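K.L.:
Build the 3D model from these lines:
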Amino acid sequence: MSTNFLSILANVEIPMLADIVWIFGLATVVILLFIRFKIPTIIGFLLTGALAGPFGFSLVNASQTVEVLSEIGVILLLFVIGLEFSLKSLLSIKKAVFIGGALQVILTILATYLFSSFLGFEWNVAVFIGFLFSLSSTAIVLKILQEEGQVGSISGRMTLAILIFQDIAIVPLMLLTPMLAGANDNVGWSLLWLGLKGIGVVIVTLISAKYLVPKLLYRIAASKNEELFLLSIIVICFAVAYLTSLLGLSLGLGAFLAGLIISESEYSHHATGKILPFREVFLSFFFVSIGMLFDVGFFIQHLLPIFGLTLVTILIKFLTASISVRLIGQSIRESLIVGLSIFQLGEFSLLLAKEGMRQELLDPVSYQYFLSITLLTMALTPFAMGKRVSIASRICNLPIPGTEKYSFNAKSRTEIPAVQSDLKDHLVIIGFGLNGHNLAKAAKTSKIPYAIIELNPATVRRELANGEPITFGDAANETVLQHVQINKARVAVIAISNADATKRIVSAIRHLTGNPYIIVRTRYVNEIEENLKLGADEVIPEEFETSIEIFTRVLGKYLIPRHHVEDFTEEVRSHNYAMFRKVPGASPSRIRVDLPDINLVGVLVEKDTGDYINRPIKETRIRQKLGVNIVAIKRDEKTIYEITGDIKLKLGDLVYVVGGQEAIEKFQTEVEVS
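P.N.:
The predicted structure follows:
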């Protein structure tokens, strides 16, 4: 499969663009209509494939290329699931994976075999049909669980566990298929060799997750190059997937393991946000490619038997999955929810069916019946999963005889720890510099729950060792914000120095939720208005706060009563710096009353050469020549208050000067670009 992937990818030509335009253009129209009628978008993609495929309007010619792109979508889906799951949490449900998953596959094969034998199929064909029907759609189910935020719930984790086992089981099922067809391959030896290779992959995964990948990603993240970070994540994903395919395992399983490897580092949430856009694009090709297999003519001609077989399929898969989950100790309610989640046939069933066609275990008519049942069950999945909790609750409340002594809504006997955070009414600190650190210290002292987002990997590593609840990532990334439960936070404080990044973060938070009160620290007063328009509730310009501190000290030197200064600063802060935004009612006249002849101004040095730049202040004689006094200099996020004669003005300095209006204008002419 990997060789075909590379050869096809190498031969992709520009004419394929016509197919992409048809697919996305048609999908846009169909999904717009579906959204209006509240029909799941997955069904829209399936319909798009049916319309564009060979049994529809034959709009797409490069169907093999579409299949390759769809496989990339499945790989990225499983990779993201692995990122959101950890080895620790996977080990916590090993019983569900290996016992629950095995029970579901075996029981489904057995039940389907009995029903197929009743319909008159030979034993080997009946067993193969059981293989097909034992697998469910990882792509559809996990996408819905992710959209609902239910991957971390008990039923979600049980569902994921069974799907993981199914992805593993596809390999031995593929090896057993030739034997059912009468081939003489040594299947026993093949299965033993496959098991050894699987153990080797697990060992490599554990070593990589523990030692190799965290160190590699730390160095890459320290470079602060987002393109390099994204590239490294993609390389890890496809490299591990390719490795598992070389060993005879599925690409999807390798992608899931790659996600698990990265999930053990502090970079998993940032990586998830980077990959999600690519996953959505390629995954749409998967659903379209499935829809392209649908023969509408055959479906219409055999409508009643297809509906009947579909109902039998749903019943068998629902019962076998529910019984399997129940047998490993979960409550009936959770078992029913899982059963209502994985009753459909899956993408690996389609892969296995093609192998069955090659081995002549399926004839063309049986194959079309199988395709129709597969697409129908896939199409019904979003509706059933949307109602699965309410349906399970209704079944549990039925007056079934003999159940009076048992609580159907009892909690699971085997508790599975949830992975989602229980943060609520907390403080989110974005940026862990001096301000963020002091804020966290104050929150800890006041026993206020808080979470931190920081993009410096060294800071994250150090603070994690100190026990701080810190997450690596870009706070403009919605995945990172969701990880810290931004929608449940009471306050979010953005304490970073990058003005553009601050605006992106404010916008991202408000796109997700209107809940937290957003306080922003900016450098300059002129950044207030735009941040407020984007959704910030309060903006504190560091430039002005510094000027207040300097102004207080200056007035102290002029022996101005302290309460006059405090009244002025309180007035400014109480109006949220309204006077700088020209809001009616905020008048700066008190400054002129208190100090009619003093002007305190921050002037930005915009030149790198000049009579007063890059020379010691004592040599420039600024006070004597221009009539201004330098009271402070803000340089590289630090404010210098002790102004000595040896200090030099440099490009980028914010210089606070006191003097008359004319004198200040002369100084501005010397250091600013006119």
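K.L.:
show me the contacts for the closest residue to Ile391 other than its chain neighbours.
P.N.:
Excluding its sequence neighbours, the residue lying closest to Ile391 (CB to CB, 6 or more residues apart in numbering) is Leu340, at 6.0 Å. In this view, the C-beta of every residue, glycine as well, is placed from N, C-alpha and C. For Leu340, the contacting residues are Phe318, Ala384, Met385, Lys387, Arg388, Ile391, Ala392, by CB atoms under 8 Å, 6 or more residues apart in numbering.
K.L.:
Give the ChimeraX command for selecting the buried subset of these.
P.N.:
The following ChimeraX line selects those of these that are buried, judged by 16 or more other CB atoms under 10 Å:
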select :318,384,385,388,392
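K.L.:
ok, of the contacts of Leu340, which one's closest to Val506?
P.N.:
Using CB to CB, Met385 comes nearest to Val506 of the contacts of Leu340, at 34.4 Å.
K.L.:
Apart from its neighbours in sequence, what residue is nearest the closest one?
P.N.:
Ile144 (5.1 Å).
K.L.:
Can you name the element that comes right after the longest helix seen in the chain?
P.N.:
Using DSSP state H, we find that the single longest helix of the chain is helix 154-180. Downstream of helix 154-180, the first helix or strand assigned by DSSP states H and E is helix 187-207.
K.L.:
other SSEs contacting the helix or strand just after that following helix?
P.N.:
Later in the chain than helix 187-207, the nearest helix or strand by DSSP H and E is helix 213-222. On a contact count with 3 or more CB pairs under 8 Å, 6 or more residues apart in numbering; DSSP states H and E, helix 213-222 meets helix 226-246, helix 251-263, helix 457-465.
K.L.:
Next one: Gly182 from Glu360, what distance?
P.N.:
Note on Gly182: its distance to Glu360, by CB to CB, to the nearest Å, is 9 Å.
K.L.:
which regions of the stretch 551-674 of the chain sit below the pLDDT cut-off?
P.N.:
551-598, 674 (pLDDT under 70).
K.L.:
can you pull out the helices in it?
P.N.:
Ranges of helices in the stretch 551-674 of the chain, per DSSP state H, counting those that start in this stretch, are 562-574, 589-594, 617-620, 622-626, 661-671.
K.L.:
before we move on, what about the stretch 301-450 of the chain?
P.N.:
Assigned by DSSP H, counting those that start in this stretch, the stretch 301-450 of the chain shows helices spanning 303-327, 332-339, 347-358, 364-386, 388-396, 434-445.
K.L.:
angle of the helix or strand harbouring the residue nearest to Met385 against helix 364-386?
P.N.:
Secondary structure from DSSP H and E places Ile144 in helix 138-148. Interaxial angle of helix 138-148 relative to helix 364-386 (axes from the mean of the first three to the mean of the last three CA atoms, to 10 degrees): 10 degrees.
K.L.:
In terms of secondary structure, what does helix 138-148 contact?
P.N.:
By 3+ CB pairs under 8 Å, 6+ apart, helix 138-148 packs against helix 41-52, helix 63-84, helix 154-180, helix 268-291, helix 347-358, helix 364-386.
K.L.:
Name the residues of that helix that are buried.
P.N.:
Counting neighbours by 16+ other CB under 10 Å, helix 138-148 gives Thr138, Ala139, Ile140, Val141, Leu142, Lys143, Ile144, Leu145, Gln146 as buried.
K.L.:
Same check on stretch 480-496?
P.N.:
480-486, 488-489, 491-496.
K.L.:
Identify all contacting residues around it.
P.N.:
By CB under 8 Å, 6+ apart, the surrounding residues in contact with stretch 480-496 are 269-270, 273, 421, 423-431, 433, 435-436, 439, 451, 453, 471, 473-475, 502, 505-506, 508-509, 512-513, 515-521, 536.
K.L.:
7 Å instead, please
P.N.:
The contact list for stretch 480-496 (CB atoms under 7 Å, 6 or more residues apart in numbering) reads 269-270, 273, 421, 423-431, 433, 435-436, 439, 451, 453, 471, 473-475, 502, 505-506, 508-509, 512-513, 515-521.
K.L.:
By residue count, what's the longest strand in this structure?
P.N.:
Using DSSP state E to assign secondary structure, the strand with the most residues in the chain is strand 628-635.
K.L.:
any idea of the angle that one forms with helix 661-671?
P.N.:
Using the same axes, to 10 degrees: strand 628-635 against helix 661-671 is 50 degrees.
K.L.:
List the buried residues in strand 628-635.
P.N.:
Applying 16+ other CB under 10 Å to strand 628-635 flags Val628, Ile630, Val631, Ala632, Ile633, Lys634 as buried.
K.L.:
so can I have TSV of those residues showing distance to Val29?
P.N.:
Below are the buried residues of strand 628-635 laid out as TSV (distance: CB to CB, whole Å):
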residue	distance to Val29
Val628	66
Ile630	65
Val631	65
Ala632	62
Ile633	60
Lys634	55
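K.L.:
so which two of the residues you listed are the farthest from each other?
P.N.:
Among the buried residues of strand 628-635, Val628 and Lys634 lie farthest apart (CB to CB), at 16.3 Å.
K.L.:
quick revisit: in strands only, show me the buried residues of stretch 480-496.
P.N.:
Filtering the buried residues of stretch 480-496 for strands - DSSP E - leaves Val491, Ala492, Val493, Ile494.
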